[in-house]
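[1] Give me the fold of what follows.
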Amino acid sequence: MDRYAIAVFLSEARRQATHAEFAASDIAQAVKNDNHDRLWYSIHSLLIALGNLSKLTWPTKKGDADRGVTLRALLHVPEDSSLQGRQFRNDWEHYDERLDEWAKTPRTTPDPNDFIGPTSQFPEATLFLRAYDPETQTLSFRGEVLELAPILPIVDRMRQVADEYGYEAASGALDLGKVERVVKAKGGEIEARKSSTWPA
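    The predicted model follows:
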């Protein structure tokens, strides 16, 4: 990618990271105010921003793979980051389809919905349609779990790095040789992980 393309992609990454941080702050405030509607709204906003960051750094089209590698290298995104997964974002985005699947499932009692609190106290926690544990920052959907705590520091770092590199790219001061070296190192890491020679 040339400097201008890098600047545009980094600008969008910074924007989505900022949106994610806004949403995370809103979640904490909603929990504090015991505002359940605001909480679920903010969780949805956070998942959308995380999904967009995921698509920027792990493109859905194979032809854009180089762009993904470049952005992950520049933004210091670990290859094993849970940011790569988009299942939770898809669950929220296609909630009607998930409800259709749930409605077809045999059950004797209604499933608990939109629970807020520690699900560990329930032996049948997988029955919850949606649940959020404020203490552990853990989101669950029908037994699937997403831990937000490990993701948010990565998002914060992405925003800071995007600010730094984005300014350099936009001003024409970005060293493309440095970009090439960083991307090459990331490519080496990816190959090492594939061959199982990367340290655990």
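[2] where exactly do the strands run in the chain?
    Applying DSSP state E to the chain gives strands spanning 115-116, 131-133, 138-141, 144-147.
[3] Which stretch among the ones you listed is buried most, on average?
    Among the strands of the chain, strand 131-133 has the highest mean neighbour count (mean count of other Cβ atoms under 10 Å), at a mean of 23. Yep, even glycine has a C-beta here, placed from its N, CA and C like the rest.
[4] Now do that strand: which elements does it pack against?
    Applying 3 or more Cβ pairs under 8 Å, 6 or more residues apart in numbering; DSSP states H and E, one finds that strand 131-133 contacts strand 115-116, strand 138-141.
[5] Not counting it itself, show me its contacts.
    39, 43, 112, 114-120, 125, 138-141 (Cβ atoms under 8 Å, 6 or more residues apart in numbering).
[6] In TSV, list the helices and strands packed on strand 131-133 along with mean pLDDT and distance to residue 103.
    Below are the helices and strands packed on strand 131-133 laid out as TSV (pLDDT from 0 to 100; distance: least, Cβ to Cβ, whole Å):
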stretch	mean pLDDT	distance to residue 103
strand 115-116	86	19
strand 138-141	86	15
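[7] circling back: of the contacts of strand 131-133, closest to residue 8?
    Distance to residue 8, by Cβ to Cβ, is smallest for residue 43 among the contacts of strand 131-133, at 28.6 Å.
[8] Look up how far residue 148 lies from the closest one.
    Separation of residue 43 from residue 148 (Cβ to Cβ, to the nearest Å): 9 Å.
[9] Identify the contacts common to those two.
    residue 139.
[10] Next one: residue 19, what pLDDT does it get?
    Looking at residue 19, its pLDDT stands at 97.
[11] need the contact list for it.
    Counted by Cβ under 8 Å, 6+ apart, residue 19 has contacts 45, 48, 49.
[12] Could you dump the helices and strands packed on strand 131-133 into TSV and include distance to residue 29?
    Shown next, in TSV, are these (distance: least, Cβ to Cβ, whole Å):
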stretch	distance to residue 29
strand 115-116	14
strand 138-141	17
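[13] Now residue 84: closest residue in space, sequence neighbours ignored.
    Once flanking residues are discounted, residue 84 sits nearest to residue 58: 5.1 Å by Cβ to Cβ, 6 or more residues apart in numbering.
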